[in-house]
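Peer 1: Model the structure of this input:
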Amino acid sequence: MYHKLFLSFITILFLLKIEGVASKGFIVSYAINQVNLTLNSDSNLPDSYFTNRTRLFTDDNTSIVFKYVDLDPINKTTHQISIDFQDNPKIPFYGTINVYPGGGLPYTVYLFEPPNPLNQTQVENNVTIGMNFNMGSSLRSIYVTKDYTPIPFTLFNNNWTIVIEVPCNITVNDIILEFYSNKVISRDVLLTLLLEPSLIDDPSNHVRIPVAGNYTLSLRGCFLSTLNNNNNNNSSIIRFTNENQTLDCSNLNIITSDKLECNIQSGSGSYKYNYTFISTNTISNNNNSYDNNNTIILSYEEPSISSTILESGGVLSTNGTGFNEPIIVTINDNKTCSLPTISNFTNIKCNTQVTVLYKLRVDVANQWVEYQKDESHSSNNPPTSSSTGNSNSGSENSSVSSSVIIKPSDWNFLLPLFLFLCFLQQQQRS
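Peer 2: Numbering: from 1, shown residues only. I've put the predicted structure just below:
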């Protein structure tokens, strides 16, 4: 490998000499988004100055836009010109530039400076890199440093931006960007990755978790295998937190590099959570956490009502599913049933002074169900209409029963009307 690099270096020195660049004293310097070409001053050589006739081209004769630096206003000459990468968005600047100074022989300038990333962002396993020049065809490959596994990439923004999808099973946190030109030595750029495990909120695989908990939750993500490094998975948990509650998912098991399972505890509602991986090493007794700014939505089952009955002593008993804390029971639109007690997540008992029940609503966290009594049936019959809602959606959806429910207060109007009709009929008979 080293003897190839040495031969390439000797070849380049030879090329520099026959092109006359070394004898002319070219100095190539770099700044952010630009490269500067400087000629050493020599009054005996007519082409030791850049003039208003100076032209720059690539190997395929594409004209290069440049600017004069400290141009002499009388002689219209200067020793330095500047090439701004932004002014030449379609020209790759890793390789060679042909300079025609305006007199004498042309020069060939070799750009040896390896490209430098200006910025790097990473979301899960997707890495976006902005470079300081157009990469064009000079970016030959990207691979993992440890085993040289190639990584696919895509160029955007006129070849100034690279988007890389890093494999989730990667075990080292650096990759190599290999740049190549047929006239200069291949150069590599080392990039460091973030291998913190992440979870992906996948709507297509969204499930409702039983409120009772102890449910094996399957989650997708990336770099999950890093949790296996020096950690005891049997004591690892994922902690989900928000302003409402904290949930732990224990007995974490890495299925593949992008899938895990854990046992979620009891909970309620449908919320967005921040999460943290917490691993306890039983040998060193140290806690290691991988903080992650990503969030994920966890949704427990919505409540449902199958029957309700007013028992003696002012106790309302309601059967259904999905009952858990925090819970609010509302009777007939505005009466709160106090001291609700939940049994087995399927029954609620609460205290009320209401003697006639025609509507019941149960709120569990930010999800709810509504139940309406059908007066033509016993109180143990299923509801004539119900609705469920989720405050995350921003609106509440409901379905209305086709049956007409007559409230006790309506008799105040119907009874006088009935007596009046009877009076009219009696008058007609007499």
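Peer 1: Could you chop this structure up by domain?
Peer 2: 2-110, 117-192, 198-300, 304-394 (automatic domain parsing).
Peer 1: could those domains go into CSV alongside mean neighbour count?
Peer 2: C-beta coordinates here come from the backbone N, C-alpha and C atoms, glycine included. Listed next are the domains of the chain as CSV, based on neighbours: other Cβ atoms under 10 Å:
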stretch, mean neighbour count
domain 2-110, 15
domain 117-192, 16
domain 198-300, 16
domain 304-394, 16
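Peer 1: Least confident of those, on average?
Peer 2: Lowest mean pLDDT within the domains of the chain: domain 2-110, a mean of 73.
Peer 1: could the domains of the chain be laid out in CSV, adding distance to Leu424?
Peer 2: Putting these into CSV (distance: least, Cβ to Cβ, whole Å) gives the following:
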stretch, distance to Leu424
domain 2-110, 92
domain 117-192, 78
domain 198-300, 57
domain 304-394, 28
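Peer 1: separation between Gly95 and Leu224?
Peer 2: Applying Cβ to Cβ, to the nearest Å, the value for Gly95 to Leu224 is 41 Å.
Peer 1: Actually, Lys259.
Peer 2: Distance of Lys259 to Leu224, given as Cβ to Cβ: 7 Å.
Peer 1: Leu37 too?
Peer 2: 50 Å.
Peer 1: Please, where are all the strands along the stretch 251-400 of the chain?
Peer 2: With DSSP state E, counting those that start in this stretch as the criterion, the stretch 251-400 of the chain has strands at 259-264, 270-280, 287-300, 304-311, 315-321, 327-331, 335-343, 347-351, 359-364, 367-372, 386-390, 395-396.
Peer 1: Turn the ones you listed into TSV, including distance to Gln86.
Peer 2: Below are the strands of the stretch 251-400 of the chain laid out as TSV (distance: least, Cβ to Cβ, whole Å):
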stretch	distance to Gln86
strand 259-264	44
strand 270-280	39
strand 287-300	32
strand 304-311	61
strand 315-321	62
strand 327-331	60
strand 335-343	65
strand 347-351	67
strand 359-364	57
strand 367-372	53
strand 386-390	48
strand 395-396	47
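Peer 1: Just tell me which of these ends up closest to Ser29.
Peer 2: Closest to Ser29 of these, according to Cβ to Cβ: strand 287-300, at 38.8 Å.
Peer 1: Assess the claim that Tyr100 and Phe57 are in contact.
Peer 2: Yes. Tyr100 lies in contact with Phe57 (Cβ atoms under 8 Å); the separation is 7.3 Å.
Peer 1: shouldn't Ile200 be in contact with Gly221?
Peer 2: Yes. Between Ile200 and Gly221 there is a contact at 5.6 Å, judged by Cβ under 8 Å.
Peer 1: For those two, list the residues in contact with both.
Peer 2: Glu124 (Cβ atoms under 8 Å, 6 or more residues apart in numbering).
Peer 1: beta partners for Ser198?
Peer 2: Listed by DSSP bridges, the beta-bridge partners for Ser198 are Cys222.
Peer 1: What of Gln367?
Peer 2: Going by DSSP bridges, Gln367 forms beta bridges with Val364, Asn390.
Peer 1: residue boundaries of the helices in the chain?
Peer 2: Remark: helices assigned in the chain by DSSP state H are 2-19, 21-24, 411-429.
Peer 1: quick one: contacts of stretch 326-340?
Peer 2: Stretch 326-340 is contacted by residues 268, 316, 318, 342, 348-354, 356-365 when judged by Cβ under 8 Å, 6+ apart.
Peer 1: And stretch 117-132, by the same measure?
Peer 2: Residues from elsewhere that reach stretch 117-132, judged by Cβ under 8 Å, 6+ apart: 32-33, 85, 115-116, 157, 160-168, 177, 189, 191, 193-194, 198, 200, 221-223, 294.
Peer 1: which residue ranges form the strands in the stretch 1-150 of the chain?
Peer 2: With DSSP E, counting those that start in this stretch as the criterion, the stretch 1-150 of the chain has strands at 26-31, 34-39, 50-51, 55-57, 67-69, 77-78, 80-84, 96-100, 107-110, 117-123, 126-131, 139-144.
Peer 1: Each with direction, which strands does the second one pair with?
Peer 2: With DSSP bridges as the test, strand 34-39 is paired with strand 26-31 (antiparallel), strand 80-84 (antiparallel).
Peer 1: most centrally placed residue in the chain?
Peer 2: The C-alpha lying nearest the average C-alpha coordinate of the chain belongs to Val123 (Cα atoms, centre = their mean; 5.7 Å).
Peer 1: what bridges to it?
Peer 2: Beta-bridge partners recorded for Val123 (DSSP bridges): Asn126.
Peer 1: Hmm, Gly267 is touching Glu325, no?
Peer 2: No. Counting by Cβ under 8 Å, Gly267 stays clear of Glu325, with 9.3 Å between them.
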